[in-house]
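S.K.: Got a predicted structure here, sequence first:
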Amino acid sequence: MASTSANTPPAEANGAPFERHAPTPKAFRDVMATVPSPVAVVTTMDGKRPHGTTVSAFASLSLAPPMVLVSLDKRSKLLAIIRGTGRFGLNVLGGHQAGLADTFARSGRDKFDGVDWTPSAGLPRLPHSPGWVACEVADVVAAGDHVVLLAHAVASEVGEGSPLTYHHRSFGTHAPLAS
């Protein structure tokens, strides 16, 4: 397959130039809503105060060494704290934790009020989550209105339960297909 430079649009099969038309923000959001995404709460500590936010843009990145990536809004207060500490926890939520996803999706400093958590590897960990990863930031990559944190997994643990997913702007969970 022939490559093109970032400034040269690829040619169509008939030789006509490819016209780029960026989708509207609404059209792009609508397309992305068709993709089921896992849901997690990213957490960190600021002194003795826990902080967190809900994310649906995260993934495993590498097995050797074990790494994850997480996308955060570049204006995020949590991002500013993580940049200072260089560490965060990734609490992979379960189907029974949609309420936590809503709680941590809102803005404000009081997201942990009334929320059970325990310190694990020095980071806030939410109980009863199907997955937990303690992370140390290796790199921060600018990506439009977000940044992508590339992080080394320094601890991980599997819990019980089906994952919480976000699809067509609603929470749900994954169910295996019948064989």
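M.R.: Noted; the coordinates are in hand.
S.K.: Which parts of the chain are strands?
M.R.: Using DSSP state E, the strands of the chain run over 37-38, 40-46, 49-55, 58-63, 66-73, 87-92, 118-120, 123-125, 131-143, 146-158, 164-167, 170-173.
S.K.: State the distance from the closest residue to residue 127 other than its chain neighbours to residue 33.
M.R.: Across the structure, with Cβ to Cβ, 6 or more residues apart in numbering as the measure, the residue nearest residue 127 apart from its sequence neighbours is residue 116 (5.6 Å). For the C-beta atoms, the positions are set from N, CA and C on the backbone; glycine is no exception. The gap separating residue 116 from residue 33 is 31 Å, by Cβ to Cβ, to the nearest Å.
S.K.: Alpha carbons of the least confident helix or strand in the chain by mean pLDDT, as PDB, please.
M.R.: One helix or strand of the chain scores below all others by mean pLDDT, DSSP states H and E: helix 25-32, with a mean of 88. Provided in PDB are the C-alpha atoms of helix 25-32 (Å, rounded to 0.1, in the frame of the first residue of the first chain):
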ATOM      1  CA  PRO A  25     -18.700  17.500  16.500                       C
ATOM      2  CA  LYS A  26     -22.200  16.100  16.700                       C
ATOM      3  CA  ALA A  27     -21.800  13.700  13.800                       C
ATOM      4  CA  PHE A  28     -18.500  12.500  15.200                       C
ATOM      5  CA  ARG A  29     -20.000  12.000  18.700                       C
ATOM      6  CA  ASP A  30     -22.900  10.100  17.100                       C
ATOM      7  CA  VAL A  31     -20.600   7.700  15.300                       C
ATOM      8  CA  MET A  32     -18.400   7.200  18.500                       C
END
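S.K.: Give the full set of residues in contact with the closest residue to residue 139 other than its chain neighbours.
M.R.: Taking Cβ to Cβ, 6+ apart, and ignoring the residues beside it in sequence, residue 139 has residue 150 as its nearest neighbour in space, at 4.3 Å. With contacts taken as Cβ atoms under 8 Å, 6 or more residues apart in numbering, residue 150 has the following neighbours: 61, 67, 69, 137-141.
S.K.: Now distance to residue 105 too, for those residues, in JSON lines please.
M.R.: Conversion of the contacts of residue 150 to JSON lines gives the following (distance: Cβ to Cβ, whole Å):
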{"residue": "61", "distance to residue 105": "24"}
{"residue": "67", "distance to residue 105": "25"}
{"residue": "69", "distance to residue 105": "20"}
{"residue": "137", "distance to residue 105": "22"}
{"residue": "138", "distance to residue 105": "26"}
{"residue": "139", "distance to residue 105": "26"}
{"residue": "140", "distance to residue 105": "22"}
{"residue": "141", "distance to residue 105": "23"}
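S.K.: re the thing from before, please say which of residue 116 and residue 33 ends up with more neighbours.
M.R.: Here residue 116 and residue 33 are compared on neighbour count by other Cβ atoms under 10 Å; more neighbours surround residue 33, at 14 against 10.
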